[in-house]
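*Asks:* I need the structure of the sequence given here:
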Amino acid sequence: MNLRKSFVATILLAGSLSAFAQTTKYVGGDISLLKAYEDKNAVYKDSLGNTIKGGVLPFLKERGLNTMRVRLFHTPSNATASEKGQGVFQDLAYVKALGKQIKDNGQRFMLDIHYSDTWADPSNQWLPKAWEGLSNEVLQDSVYQYTKRVLTELKAAGATPDFIQTGNEISYGMLWGKNGSAQKKYYASQTANLSYFVSMLKSAGKACREVCPDAEIILHTERVANPSYVVSFYKDMDNNGVDYDIIGTSYYSYYHGFLPQLDKALTSIENYSKKPIMVVETGYYYQYQSNNIDYDYSSTYPVTPAGQKQFAKDLIALLNKHEQVNGLFWWEMDANDGSGSVWSAQHVLDGWYNAGLWNEGTNSANPALYELCRFNGQDPTGVEAISVKNAKSNAVYNLAGQKVSEDYKGIIIKDGKKILK
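*Replies:* Residues are numbered from 1 along each chain as shown. Model (predicted):
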């Protein structure tokens, strides 16, 4: 009898572990620039310098990157010339086209709604020009109607989002307005404005549930440096009945602190909530690190492609210790010098943000790109290191890029193709 119980317990445990192992993890990046680059015939290469054929999205999917994120602005034509130069141009027509490309490629689509005409972040959450001067009640309805229209049009275009961010980095609220000549900001942490903030999120969430009932709603903050604030934010959301599925966070080591700080923040969130957690933005420089940073970790992670790769590797090792973390996304992974890019020096060549996953000088993929697939349990080791010449020969290689015999058991690479023997 005891042996039978032990056997049953073992089977149940194995089933539980198997179920956990099969839990889907979502990994990819923000590719909000990609369609514009490709429309301008930008050149993207693999790590060996071979031009990618057939498009960047299939290339990323083949490497296990299963989800892509795209931002949406209300009316980006109202942005300043400088902001447009930084990449503020994603209107609904653009997002429909890129979203459809993602879905047609068999990847999941994360929609990042900036309820603004330009960048929305902790310091900038300004109303779209079209909504300035509206009463709170009318604005609340505008958020609902706008969100509903956006999602309806995306569905009709074959670009139904799988994940929807109702706001971008909304740690201190969103849709800050103007009251006469004085700017009035709405902060989530101020009781007087909390009900306003909550009402906007509820309006957005209502539209999401009506139009895209299968999509998951993400509330996105970025206060890794202050875990207690993050927990209090989500407590406010829960206590006020805001409907959401996933806790989203940004993590940039040069703004938020070293990896132990992220570990502390994730643990604090997990101690409060059992909802899934996604790192919806991260990145690390591979060249020309900005002077406008709070923490310099270049002694640990040199500002080189190798340093960027090591950061990605260590980040993923940490995230994979947290069972609730099921998403990881590299911000502006598609940045490229573009070979005739619409932004030319304004966006890419002036060193504005050199933390993408393609080298802006050579157009070749950085090694950190291949590290990302480790997050969902795949091993990138050596696959890209096999030369094209060898890959097209009769030689056989394992995933470490080592030449092996024909009777080798396991996954091999022959004639440029993966084969399970």
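
*Asks:* going by C-alpha atoms from here, please, whenever you check contacts or count neighbours.
*Replies:* OK.

*Asks:* what's the separation between Asn354 and Val224?
*Replies:* When distances are taken as CA to CA, to the nearest Å, Asn354 and Val224 turn out to be 22 Å apart.

*Asks:* got it, and Leu262?
*Replies:* The gap separating Leu262 from Val224 is 6 Å, by CA to CA.

*Asks:* what touches both of those two?
*Replies:* Shared between the contact lists of Leu262 and Val224 (criterion: CA atoms under 8 Å, 6 or more residues apart in numbering) are residues 251, 256.

*Asks:* can you give me the helices in this structure?
*Replies:* Ranges of helices in the chain, per DSSP state H, are 2-21, 34-39, 56-62, 81-85, 92-104, 136-156, 191-211, 227-239, 253-256, 259-272, 305-319, 344, 367-371, 388-391.

*Asks:* buried set for the second one?
*Replies:* In other words, helix 34-39. Neighbour-count burial for helix 34-39, with 16 or more other CA atoms under 10 Å as criterion, is recorded at 34-38.

*Asks:* would you list those residues in a markdown table and tack on pLDDT and distance to Gln324?
*Replies:* Converted to a markdown table, the buried residues of helix 34-39 look like this (pLDDT from 0 to 100; distance: CA to CA, whole Å):
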| residue | pLDDT | distance to Gln324 |
| --- | --- | --- |
| Leu34 | 93 | 30 |
| Lys35 | 92 | 32 |
| Ala36 | 88 | 34 |
| Tyr37 | 87 | 35 |
| Glu38 | 88 | 35 |
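
*Asks:* save the residues you listed as a markdown table, and put in distance to Lys202 too.
*Replies:* As requested, these are arranged in a markdown table below (distance: CA to CA, whole Å):
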| residue | distance to Lys202 |
| --- | --- |
| Leu34 | 31 |
| Lys35 | 32 |
| Ala36 | 33 |
| Tyr37 | 35 |
| Glu38 | 37 |
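
*Asks:* which one of those residues sits closest to Gly173?
*Replies:* Proximity of these to Gly173 was ranked by CA to CA; the top entry is Leu34 with 28.9 Å.

*Asks:* surely that closest one touches Glu332?
*Replies:* No. With contacts defined as CA atoms under 8 Å, Leu34 does not count as touching Glu332, sitting 9.1 Å away.

*Asks:* what residues are shared contacts of these two?
*Replies:* Common neighbours of Leu34 and Glu332, using CA under 8 Å, 6+ apart, do not exist here.

*Asks:* can you give me the strands in the stretch 301-421 of the chain?
*Replies:* Per DSSP state E, counting those that start in this stretch, the stretch 301-421 of the chain carries strands over the ranges 325-330, 396-398, 403-404, 411-414, 417-420.

*Asks:* what lies in contact with the longest one?
*Replies:* Contacts of strand 325-330 with the rest of the structure, by CA under 8 Å, 6+ apart, involve 24-30, 68-69, 276-283, 319, 356, 375.

*Asks:* those residues in strands, which ones?
*Replies:* The strands in this structure, assigned by DSSP state E, contain 26-30, 68-69, 277-282 from those.

*Asks:* now the most centrally placed residue in the chain: how far from Asp112?
*Replies:* Here the mean C-alpha position of the chain is nearest to the C-alpha of Phe329 (CA atoms, centre = their mean), at a distance of 3.0 Å. In this structure, Phe329 and Asp112 are 12 Å apart, going by CA to CA.

*Asks:* check Pro276 too.
*Replies:* Applying CA to CA, the value for Pro276 to Asp112 is 17 Å.

*Asks:* more neighbours: which of the two?
*Replies:* Legend: neighbour count by other CA atoms under 10 Å for Pro276 and Asp112, higher for Asp112 (23 against 17).

*Asks:* in the sheet, who's paired with that one?
*Replies:* Partner residues in beta bridges with Asp112, using DSSP bridges, are Arg71, Gln165.

*Asks:* could you check how far it is from Thr147?
*Replies:* Taking CA to CA, one finds Asp112 at 12 Å from Thr147.

*Asks:* can I get stretch 201-218 in CSV, CA atoms only?
*Replies:* The C-alpha atoms that make up stretch 201-218 are tabulated as CSV, following Å, rounded to 0.1, in the frame of the first residue of the first chain:
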residue,chain,number,x,y,z
LEU,A,201,-7.8,52.3,-16.7
LYS,A,202,-11.2,50.8,-16.2
SER,A,203,-12.5,52.5,-19.4
ALA,A,204,-9.5,51.1,-21.3
GLY,A,205,-9.9,47.7,-19.8
LYS,A,206,-13.6,47.5,-20.5
ALA,A,207,-12.9,48.1,-24.2
CYS,A,208,-10.2,45.4,-24.2
ARG,A,209,-12.6,42.8,-22.7
GLU,A,210,-15.4,43.7,-25.2
VAL,A,211,-13.3,43.6,-28.4
CYS,A,212,-10.5,41.2,-27.5
PRO,A,213,-11.8,39.0,-24.8
ASP,A,214,-8.9,36.5,-25.2
ALA,A,215,-6.2,39.1,-24.9
GLU,A,216,-4.4,39.6,-21.6
ILE,A,217,-4.2,43.1,-20.2
ILE,A,218,-0.8,44.4,-18.9
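
*Asks:* one step back: quick one: buried ones out of the contacts of strand 325-330?
*Replies:* Neighbour-count burial (16+ other CA under 10 Å) is assigned, among the contacts of strand 325-330, to 25-30, 68-69, 276-283, 319, 356, 375.

*Asks:* where does the protein have low pLDDT?
*Replies:* With pLDDT under 70 as the threshold, the chain has low-confidence stretches at 1-23, 178-184, 189, 337-352, 380-421.
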